[in-house]
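**Student:** Take a look and give me a structure for this.
(chains A and B)
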Number of protein chains: 2
Amino acid sequence: MAASRNHPAAPAPARRKSPAAPASPWAALPERQRQREAKRNAVLTTAAQLFNERGFHATSLDDIAAQLHVSKPTLYYYVKNKDEILLACVKKGLHMTLDGIEASRAAGGNAVDQLRACMQVYADIVMQPFGMCLIRVGDEEVPEPARSELRRMKSEIDLAFRRLVAQGVEEGSLNPCDPKMTAFVIAGALSWIGRWYQPEGRYGPEEVAQQCIETLLGGVLRRPPPARRPKKAA
Amino acid sequence: MAASRNHPAAPAPARRKSPAAPASPWAALPERQRQREAKRNAVLTTAAQLFNERGFHATSLDDIAAQLHVSKPTLYYYVKNKDEILLACVKKGLHMTLDGIEASRAAGGNAVDQLRACMQVYADIVMQPFGMCLIRVGDEEVPEPARSELRRMKSEIDLAFRRLVAQGVEEGSLNPCDPKMTAFVIAGALSWIGRWYQPEGRYGPEEVAQQCIETLLGGVLRRPPPARRPKKAA
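**Tutor:** Modelled structure (predicted):
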């Protein structure tokens, strides 16, 4: 049958020359690209969820395919292998964070406003599949040269927190400290959410973020009640 | 030669019946057990350091043997396989933490004193090889039933922090909070030290622990200066 396609005896197909394009069972190219991107995203999201639940090494491409009700060969149309998937997931988590931090800083305000906004962004992201992947999977799992690229992006996040802390100390709104250490305390407590957070738990993501942020900003120790101003003598 | 050992023609060895035991080139049993334990410990410590540097999956038994200048068969005299090593390392980290927390609580004092002592114990341990292993290696890497046992021990640590926070809130020394969430913030920020700490860094372990603990207890935001008591009218 394939040989008959260009057989000289076959009549040339009649071409419609109407101004409207013929209805095709295939989507137009931009739409096809959009669909492909959406499918690749579904593969990555499912993979991230499985990595987070079972661990990277305990998750196979078969598990990912089964979860999506497709065959393993279908997966290969969207991704090369498990290492590529992991790298893409972690990078998505990093890009989301860096974009969110950039937006928080662009929104302006004093250092405390911006720090609070960045903490909010980071806490939100580590409770989502790609962000959780970023926290749960160690850099060591990713082969070079991707590992160095990931570390560079992580240190950008870290530097953004440090700069805001330093600015807050300068403005007098934050306690005097080594901004590097304080940034580690903030990023550590927030990152840890990605290790313990369970979507079916008592608090939703907003409440979790809010409680963690207030604890970090205000501290664990109770502050002495503000002294009352003496009433003016009558 | 082996056959001659019990050869009937061989003369029976003369047994010395002196009260003092004969000098033997082998150490006495308790000493041999101590040496074996010390060697197993060296295997575990070296393994933990390599897991922390390179990741669990990227470290082979050959790497561990090479680091200790022994052959791989020698390792098998002390450990069964890599999974057993990982489990032993993580368990050591957990036991050190639980023992330290128990000692801090036994030392008494109010909730804040005990909480501070437990934070100190935990921070110290995550900067050492076994504690770092506990933080860097996910539970998912450990097969069942050991995984459930590790999770049970981890939740004991978690509960110890929660109880102290709840006690502090009750005593009025800590801010009102959900102790579960506050314990997660504390454990998260301290655990994170095990991810970023580098022995060759600017601060030693004591300084790192102290700065992180003060930031968590006092908070990031600067407290308003305590209001001065009005002077009594002359």
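**Student:** which residues touch the spatially most central residue of chain A?
**Tutor:** A centroid search over chain A (C-alpha atoms, centre = their mean) returns A:Gly93, at 2.5 Å, as the residue closest to the centre. A:Gly93 is in contact with A:Ile125, A:Gln128, A:Phe130, A:Gly131, A:Met132, A:Cys133, A:Leu134, counting by C-beta atoms under 8 Å, 6 or more residues apart in numbering or on different chains. To be clear about C-beta, it is placed using only N, CA and C from the backbone, and glycine gets the same treatment.
**Student:** Just the buried residues from these, in ChimeraX please.
**Tutor:** Applied in ChimeraX, the following selects the buried portion of those according to 16 or more other C-beta atoms under 10 Å in any protein chain shown:
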select /A:125,128,130,131,132,133,134
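**Student:** Can you tell me which of the contacts of A:Gly93 is nearest A:Ala23?
**Tutor:** A:Phe130 (37.9 Å; C-beta to C-beta).
**Student:** by contact count, what packs against the host helix or strand of that closest one?
**Tutor:** Here A:Phe130 sits within helix A:129-136, counting by DSSP states H and E. Secondary structure elements in contact with helix A:129-136, counted by 3 or more C-beta pairs under 8 Å, 6 or more residues apart in numbering or on different chains; DSSP states H and E, are helix A:29-54, helix A:82-106, helix A:111-126, helix A:179-196.
**Student:** got those helices as a markdown table, with mean pLDDT and distance to B:Glu141 columns?
**Tutor:** Written out in a markdown table, the entries for the helices and strands packed on helix A:129-136 read as follows (pLDDT from 0 to 100; distance: least, C-beta to C-beta, whole Å):
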| stretch | mean pLDDT | distance to B:Glu141 |
| --- | --- | --- |
| helix A:29-54 | 92 | 10 |
| helix A:82-106 | 93 | 15 |
| helix A:111-126 | 96 | 20 |
| helix A:179-196 | 96 | 14 |
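**Student:** And the ones you listed: which comes nearest B:Val142?
**Tutor:** Among the helices and strands packed on helix A:129-136, if distance is taken as C-beta to C-beta, the winner is helix A:29-54, at 12.3 Å.
**Student:** touching chain B at all, the closest one?
**Tutor:** Yes: contact of helix A:29-54 with chain B is found when judged by C-beta under 8 Å from any C-beta of the partner chain, involving A:Arg54.
**Student:** now stretch A:201-212
**Tutor:** Yes: looking at stretch A:201-212 against chain B by C-beta under 8 Å from any C-beta, the contacts come from A:Tyr203, A:Val208, A:Gln211, A:Cys212.
**Student:** hmm, who's touching that stretch?
**Tutor:** Here stretch A:201-212 has contacts from A:119-120, A:123-124, A:127, A:189-190, A:193, A:197, B:177-178, B:181, B:184-185, using C-beta under 8 Å, 6+ apart.
**Student:** Ranking by neighbours, what's the top pick from those residues?
**Tutor:** Of the contacts of stretch A:201-212, A:Leu190 is surrounded by the most neighbours, 29 neighbours in total, counting by other C-beta atoms under 10 Å in any protein chain shown.
**Student:** hang on, that residue packs against A:Ile125?
**Tutor:** No: between A:Leu190 and A:Ile125 no contact is recorded; they are 9.3 Å apart, counting by C-beta atoms under 8 Å.
**Student:** how many neighbours does the closest residue in space to A:Ala183 that isn't next to it in sequence have?
**Tutor:** Counting by C-beta to C-beta, 6 or more residues apart in numbering or on different chains, A:Ala183 lies nearest to A:Phe161, which is 3.9 Å off, once chain neighbours are set aside. Burial measure for A:Phe161: 23 neighbouring residues, criterion other C-beta under 10 Å.
**Student:** so which helix or strand takes in A:Phe161?
**Tutor:** Of the helices and strands defined by DSSP H and E, A:Phe161 is found in helix A:146-171.
**Student:** Run a quick neighbour tally on A:Asn202.
**Tutor:** Wrong residue type there; residue A:202 is Arg, not Asn. One way to gauge burial is a neighbour count; for A:Arg202, by other C-beta under 10 Å, it gives 10.
**Student:** A helix includes it, no?
**Tutor:** No: under the criterion used here (DSSP: H, G, I helix; E, B strand; the rest coil), A:Arg202 is coil, not part of a helix.
**Student:** one step back: just the residues of stretch A:201-212 next to chain B now: which is nearest chain B?
**Tutor:** Distance ranking of those against chain B, using C-beta to the nearest C-beta, places A:Gln211 first at 4.6 Å.
**Student:** pLDDT of the host helix or strand of that closest one, averaged?
**Tutor:** Take DSSP H and E as the rule and A:Gln211 turns out to sit in helix A:205-218. pLDDT averaged over helix A:205-218 equals 97, rounded to a whole number.
**Student:** then it to CSV, C-alphas only?
**Tutor:** Presented in CSV, the C-alpha positions along helix A:205-218 are these (Å, rounded to 0.1, in the frame of the first residue of the first chain):
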residue,chain,number,x,y,z
PRO,A,205,-0.9,25.5,52.7
GLU,A,206,-1.8,29.2,53.6
GLU,A,207,-2.0,28.4,57.3
VAL,A,208,1.2,26.4,57.3
ALA,A,209,3.1,29.2,55.6
GLN,A,210,1.6,31.9,57.9
GLN,A,211,2.4,30.0,61.1
CYS,A,212,6.0,29.2,60.1
ILE,A,213,6.6,32.8,58.9
GLU,A,214,5.3,34.4,62.1
THR,A,215,7.4,32.0,64.2
LEU,A,216,10.5,32.8,62.3
LEU,A,217,9.9,36.6,62.4
GLY,A,218,8.7,36.9,65.9
